[in-house]
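S.K.: Sequence first, predicted model second:
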Amino acid sequence: MGPLVAKYPAHLVVDAGGWVERTNPDRPELRSRLLLEGLRELGLQIANVSARDLRIGPEALRACEDSLGIQLVSANIEVGGRPWFKPYVLSSRKVWGREVRIAVTAVTAGQRGADRGWPDSLAPQVTDPVACAGRMLELLAPQSDIQVLLAFLPASDLEQLAKDQPEWDLLVGSTGDQRDPPPVGPVPAILATGTKCKYLGWVALRPADSGGLVVAQSDLVALDAEVRDDPRMAERVRVFKTRLGNGAPPAVTAPGASPDGSAGSTAAHP
């Protein structure tokens, strides 16, 4: 991120949703919070809430938002017929020699079991994401110079939405589908980075000579190649995989201990 931030100081870091971790079904909010903390270290400012993200429940979502300082946004998740999260964010950046107003909104496709973890009195409803995006575009276009849509939708649906609503400047998707970086040329630009936290996608926009905006540069950066693993955690993962491969149950290693159970550590098999 360092070189990108230096090159583009008037930047905005967003996530299109799907950041809840489900590998620990009993306490998914713990791993989800760690993931958000890592994204915050990369500069995350605004995150979409997908239907799958709802599963950690309203209290955990509010706690993440309040303590981490990341703005959660959703225009089509409603409780009692009203948006439960902030439906959009308006901000400005000094760029191109003037103040540029940026509008960011977000939508998600529905998913079964999304209301798990919510009390009956606060059962969330996911409305039509495409129709909602159209309404938000009509609302935000008069108030802003750049319109950004975060969408937890299949990449093919995102591409169709861009054709049906070409007034969007940038559409960001985060399902498992990945697309090549948007080509240099006119907007709308579609950024689909694929599986979460493996790639950082970025797009640089600039005014076109004929008016409007164009994509000046874009890329997908493999984070595994740019961000080194913590050595101790990498060694613990290696030992864990070795034990699994040998058919032995993985050792439970005490916090701060070495993964091989050497002197000074506590290791026990369950």
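M.R.: Nice, I can see it. Numbering: from 1, shown residues only.
S.K.: contacts, neighbours, all on C-alpha from now
M.R.: Will do.
S.K.: surely Asp15 meets Gly43?
M.R.: No - if you go by C-alpha atoms under 8 Å, Asp15 and Gly43 don't touch, sitting 10.5 Å apart.
S.K.: Comparing these two, which residue is more hemmed in?
M.R.: Using other C-alpha atoms under 10 Å, the more surrounded residue of Asp15 and Gly43 is Asp15, with 26 against 16.
S.K.: so how far is Leu150 from the residue nearest to that one when sequence neighbours are not counted?
M.R.: Among residues not flanking Asp15 along the chain, Ala47 sits closest, at 4.6 Å (C-alpha to C-alpha, 6 or more residues apart in numbering). Using C-alpha to C-alpha, to the nearest Å, Ala47 is found at 8 Å from Leu150.
S.K.: if I look at these two, which residues touch both of them?
M.R.: 15-17 (C-alpha atoms under 8 Å, 6 or more residues apart in numbering).
S.K.: Which ones among the residues you listed map onto strands?
M.R.: Among those, the members falling in strands (DSSP state E) are Asp15.
S.K.: how about the shared contacts of Ala47 and Leu150 in a markdown table, adding distance to Asp180 and pLDDT?
M.R.: Compiled in a markdown table, the shared contacts of Ala47 and Leu150 are given as follows (distance: C-alpha to C-alpha, whole Å; pLDDT from 0 to 100):
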| residue | distance to Asp180 | pLDDT |
| --- | --- | --- |
| Asp15 | 17 | 92 |
| Ala16 | 17 | 93 |
| Gly17 | 19 | 91 |
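S.K.: where does the stretch 1-150 of the chain dip in pLDDT?
M.R.: Low-confidence segments of the stretch 1-150 of the chain (pLDDT under 70): 1, 21-28.
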